[in-house]
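Engineer: Show me how the following folds:
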Amino acid sequence: MPATLHITGDPDADQLLSSDPLALLIGMLLDQQIPMETAFAGPAKLRDRLGALDAAAIAGESEERLTEVFRTPPAVHRFPGSMAARTQALCRALVDDWQGDAAAIWTRGEPHGAEILARLKRLPGFGDQKARIFVALLGKQYGVQAPGWREAAGAYGEDGSYRSVADIVDPDSLTRVREFKRAAKAAAKGA
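Structural biologist: Next up, the predicted model:
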């Protein structure tokens with residue numbers, strides 16, 4: 001098991017992320033257009049509201065009920081309908097392709113970093129950047145030391161960087177990641 005992650009500021013939510021690969025994968029999926037802490041706290045809200053965090057149960061849940069679970073205050077995401085649908089699509093893919101075992105993506109067959117990246121990119125909601133960040137998170141904090149993981153993660157795998165959630169280990173590193181993102185956004189606007 002990896003060391004305890006410190007992403008959300010909520011010890012219970014961080015413990016869930018540390019111990020449940022599905023929670024970590026869903027947290028990464030939710031990490032868009034909301035603060036990272038809110039996104040990664042989402043799996044704990046889902047677990048509490050659904051009674052468990054299980055890919056097959058989420059895949060089989062009615063769209064209406066899952067949307068209501070996302071919408072219930074405090075909302076899991078600012079876009080409850082679309083993110084409930086994306087989470088359900090992710091869980092369906094996990095059930096169909098990985099027998100509901102999220103960790104199999106990075107453990108089945110002892111894959112190298114490039115294969116883990118390719119597997120992640122085939123998941124609903126995981127484009128190239130999100131997949132690379134997740135590979136970096138697995139390598140830097142989750143104990144997944146697949147050969148070539150740093151190369152697969154690209155710049156997100158660099159030692160000592162503060163680019164993404166993969167680099168957050170405490171409040172100081174969270175601040176540094178936020179500063180990096182602000183600077184990158186400003187540079188993109190200026191270009």
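
Engineer: Return the distance of the residue lying closest to residue 37 once chain neighbours are set aside relative to residue 76.
Structural biologist: Nearest non-adjacent residue to residue 37, counting by Cβ to Cβ, 6 or more residues apart in numbering: residue 8, 4.8 Å away. (Each C-beta comes from the backbone N, C-alpha and C, glycine too.) Applying Cβ to Cβ, to the nearest Å, the value for residue 8 to residue 76 is 13 Å.

Engineer: ok so, going back, assign the residue nearest to residue 37 to helix, strand or coil.
Structural biologist: Three-state assignment for residue 8 (DSSP: H, G, I helix; E, B strand; the rest coil): coil.

Engineer: what do you get for residue 125?
Structural biologist: coil.

Engineer: pLDDT at it, what is it?
Structural biologist: pLDDT for residue 125: 96.

Engineer: what's near enough to touch it?
Structural biologist: 29, 86, 89-90 (Cβ atoms under 8 Å, 6 or more residues apart in numbering).

Engineer: Rebuild those residues as TSV, extending it with distance to residue 157.
Structural biologist: Converted to TSV, the contacts of residue 125 look like this (distance: Cβ to Cβ, whole Å):
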residue	distance to residue 157
29	20
86	25
89	27
90	23
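
Engineer: tally of neighbours for the residue nearest to residue 37?
Structural biologist: 24 (other Cβ atoms under 10 Å).

Engineer: Ok, residue 129 next?
Structural biologist: 11.

Engineer: Show me where this protein dips below the pLDDT cut-off.
Structural biologist: 1-3 (pLDDT under 70).

Engineer: residue boundaries of the helices in it?
Structural biologist: For the chain, the helices defined by DSSP state H occupy 11-19, 21-30, 36-50, 55-60, 63-71, 80-98, 104-107, 113-121, 128-141, 149-153, 171-190.

Engineer: Turn those helices into a markdown table, columns for distance to residue 162.
Structural biologist: As requested, the helices of the chain are exported to a markdown table (distance: least, Cβ to Cβ, whole Å):
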| stretch | distance to residue 162 |
| --- | --- |
| helix 11-19 | 19 |
| helix 21-30 | 18 |
| helix 36-50 | 13 |
| helix 55-60 | 32 |
| helix 63-71 | 30 |
| helix 80-98 | 26 |
| helix 104-107 | 23 |
| helix 113-121 | 21 |
| helix 128-141 | 11 |
| helix 149-153 | 14 |
| helix 171-190 | 4 |
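
Engineer: Of these, flag the one that's most buried.
Structural biologist: With neighbours taken as mean count of other Cβ atoms under 10 Å, these reach their highest mean count in helix 21-30, at a mean of 26.
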